[in-house]
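Undergrad: Give the three-dimensional model of this entry:
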Amino acid sequence: MSNPIERVVTHGTFELDGGSWEVDNNIWVVGDDSEVVVFDAAHDAGPIVMSVGGRHVVAVVCTHGHNDHVTVAPELGKALDAPVLMHSADEVLWRMTHPEKDFRAVSDGDSLRVGGIELRALHTPGHSPGSVCWHAPDLNAVFSGDTLFQGGPGATGRSYSDFPTILESISGRLGKLPGETIVYTGHGDTTTVGDEIVHYDEWVARGS
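TA: Numbers count the residues shown, from 1 in each chain. Next comes the predicted model:
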């Protein structure tokens, strides 16, 4: 089997509250030689389709509804004949980018199976109301979207976000995972749960 976790990086803009920021996004293609799940269809469908390479796509999963994570989700879902999944609490954000396109709602505890790998949804609000991390115990991995990065929690300074809520999500959900769990982030480098959670008290102090 090929590497079960492949990274594609695309470049574009994140837009919210009237602002626009240049960003590089990680798209994670997870599975085996026959089927995969795509996490976060950002900016440009072409490189993602190339990475999929003709394999069956079980789902296009959006970790949250910010435009830079859903840019080409409907296009990719149609091209690859795959459902687009996202938590319904982020519908207001989704509609900012795709006012006439629909997605399939996922809930906390839902699971997907791809190439013998189980992926379980962990609802982790804070960066956005419907942020969801996906835990893959068999891969010692969690796909965190913008909930947790190398260096701390995702941003909460814009609409529909809340710092105390993201801290609670990290401590109550991600912090309960084994410390060696690798965190595959929405932007930037990977980290581990253990390397980040040791700084939790510093994050709390930062927000007080």
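
Undergrad: what's the spacing between stretch 37-56 and its chain's center?
TA: 14 Å (C-alpha atoms, centre = their mean, to the nearest Å).

Undergrad: Looking at it now, give me its mean pLDDT.
TA: Mean pLDDT, computed over stretch 37-56, is 98.

Undergrad: next one: stretch 71-86
TA: Per-residue scores along stretch 71-86 average to 97.

Undergrad: Which parts of the chain are strands?
TA: For the chain, the strands defined by DSSP state E cover 5-16, 19-31, 35-39, 56-61, 84-87, 104-106, 111-114, 117-123, 132-136, 141-145, 148-149, 152-153, 182-185, 191-192.

Undergrad: Neighbouring strands of the last one in the sheet, and parallel or not?
TA: Same thing as strand 191-192. strand 182-185 (antiparallel) (DSSP bridges).

Undergrad: Show me what counts as buried in the strand it pairs with.
TA: I182, V183, Y184, T185 (16 or more other C-beta atoms under 10 Å). Where C-beta positions appear, they are placed from N, C-alpha and C, glycine not excepted.

Undergrad: repeat for stretch 10-29
TA: For stretch 10-29, a neighbour-count test (16+ other C-beta under 10 Å) marks T10, G12, F14, L16, V23, N25, N26, I27, W28, V29 as buried.

Undergrad: Tell me which two in those residues are the farthest apart.
TA: Maximum pairwise distance in the buried residues of stretch 10-29, criterion C-beta to C-beta, is 26.1 Å, between L16 and V29.

Undergrad: What residues sit buried inside the one helix or strand in the chain whose mean pLDDT sits lowest?
TA: One helix or strand of the chain scores below all others by mean pLDDT, DSSP states H and E: helix 200-207, with a mean of 91. For helix 200-207, a neighbour-count test (16+ other C-beta under 10 Å) marks W203 as buried.

Undergrad: contacts for it?
TA: G152, P153, F163, P164, L167, I170, S171, G175 (C-beta atoms under 8 Å, 6 or more residues apart in numbering).

Undergrad: pull the CA atoms of that helix into CSV?
TA: This file holds the C-alpha atoms of helix 200-207, laid out as CSV (Å, rounded to 0.1, in the frame of the first residue of the first chain):
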residue,chain,number,x,y,z
TYR,A,200,-2.3,24.6,27.8
ASP,A,201,-1.9,26.7,30.9
GLU,A,202,0.0,29.3,28.9
TRP,A,203,-2.9,29.5,26.4
VAL,A,204,-5.4,30.0,29.2
ALA,A,205,-3.2,32.8,30.7
ARG,A,206,-3.0,34.4,27.3
GLY,A,207,-6.8,34.7,27.1
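
Undergrad: Brilliant, that's me finished.
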